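In: Return a 3D structure for these sequence lines:
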Amino acid sequence: MGRILRTEAAKLRHSMLLWLTLLGTMLPTLVSTLMVIASKDAYSWQEWYQTNLQFQVMLAAPPLFSIFTGYIVAREYQDKTINTLFSYPYARMSFYLGKMLISAAMIVGTLLLTFALNSGLGLLLLETPIGISEWVVYLEVYAAVGILFLALIPLWMYVSMISRSIIPAIVIGIIIIMIPGPVGGSGAYRDTIGLIRRMVAGEGVQNELAIVSGCLLVCFVGFLILSLQYYNKADVHSGS
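Out: Model (predicted):
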């Protein structure tokens, strides 16, 4: 598995998509920074993090993460390298898990970097200090949002496999930011983030937490099984 992960990472080392994903996800931080600078009212830490989450994690991240994950899978079919890949003496599950772990590492790394950047800029831009407890709450909020996106990786991978294209994954990423739900939701960004924050803080929303967690678990496990079955049964000349 270590060799497969190193190989997958090497494929992305010179890929512009990796850097475009990182840049695109962090660009809304610039927008938030300009809003704070231009505002006549003082921003609180809650407003700062909430603004960044609305524009950054809930708006920019879904399509960008779906493009990245879809690209990792669909590129093998489009370049016809999947034929060679399937002829190697490794279990196909290893290749699948390698791609999934690389995508997960990118999502987690991007969110951690985003949180660190937003925290550092907040210290420079905001007048009020932040308490450790409030900082930890928003770190946990970012972690909860990360879990939402990690649960969608098998779905993005599955649609990219069966279509041999990145387009269905992009469509799903766009849909996420257009309809209400636990990950995105057009005009429901503030309510969605508020729900996640209340769940993290344990403020009496156990029912909502159970529903969201159950949906994400079903999505993750269901599409993981479907995509593994498809990958394992695929013909060795799938890229032809």
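In: May I ask you to name the longest helix in this structure?
Out: Assignment by DSSP state H gives helix 92-125 as the longest helix of the chain.
In: Figure out how far that one is from the centre of its chain.
Out: Centroid separation between helix 92-125 and its chain, computed with C-alpha atoms, centre = their mean, to the nearest Å, is 8 Å.
In: Repeat that for stretch 219-228.
Out: Remark: stretch 219-228 is offset 17 Å from the chain centroid, using C-alpha atoms, centre = their mean.
In: With stretch 45-61 instead?
Out: So, by C-alpha atoms, centre = their mean, the centroid of stretch 45-61 is 14 Å from its chain's centroid.
In: Just the buried positions in it, please.
Out: By neighbour count with 16 or more other C-beta atoms under 10 Å, stretch 45-61 contains the buried residues 45, 47-61. For glycine as for every other residue, the C-beta is placed from the backbone atoms N, C-alpha and C.
In: Now the phi/psi pair for residue 164, please.
Out: As for residue 164, its main-chain torsions (degrees, to the nearest 10) stand at phi 60, psi 40.
In: quick one: low-confidence parts of this structure?
Out: Scanning the chain for pLDDT under 70 picks out 1, 58, 179-194, 201-209, 235-240.
In: What are the boundaries of the strands in it?
Out: Assigned by DSSP state E, the chain shows no strands.
In: which residue is nearest the centroid of it?
Out: The residue lying closest to the centre of the chain (C-alpha atoms, centre = their mean) is residue 149, at 4.0 Å.
In: so what does the longest helix of the chain touch, helix or strand wise?
Out: The contact analysis (3 or more C-beta pairs under 8 Å, 6 or more residues apart in numbering; DSSP states H and E) places helix 92-125 against helix 2-13, helix 16-38, helix 45-52, helix 61-78, helix 132-163, helix 206-233.
In: again, 10 Å this time
Out: In terms of contacts (3 or more C-beta pairs under 10 Å, 6 or more residues apart in numbering; DSSP states H and E), helix 92-125 is packed against helix 2-13, helix 16-38, helix 45-52, helix 61-78, helix 82-87, helix 132-163, helix 206-233.
In: Out of those helices, which is the most enclosed?
Out: Of these, the one with the most neighbours on average (mean count of other C-beta atoms under 10 Å) is helix 61-78, at a mean of 24.
In: what is the orientation angle of that one with helix 16-38?
Out: Helix 61-78 and helix 16-38 are oriented at 170 degrees to each other (axes from the mean of the first three to the mean of the last three C-alpha atoms, to 10 degrees).
In: quick check: angle from helix 61-78 to helix 132-163?
Out: Between the axes of helix 61-78 and helix 132-163, defined by the same axes, to 10 degrees, the angle is 30 degrees.
In: From here on, call the first residue 222.
Out: Sure, I'll start counting at 222 from here, so that last one is helix 282-299.
In: any idea how far helix 282-299 is from the chain center?
Out: On C-alpha atoms, centre = their mean, the centre of helix 282-299 falls 11 Å from that of its chain.
In: same check, this time on stretch 338-358
Out: When C-alpha coordinates are averaged (C-alpha atoms, centre = their mean), stretch 338-358 and its chain have centres 23 Å apart.
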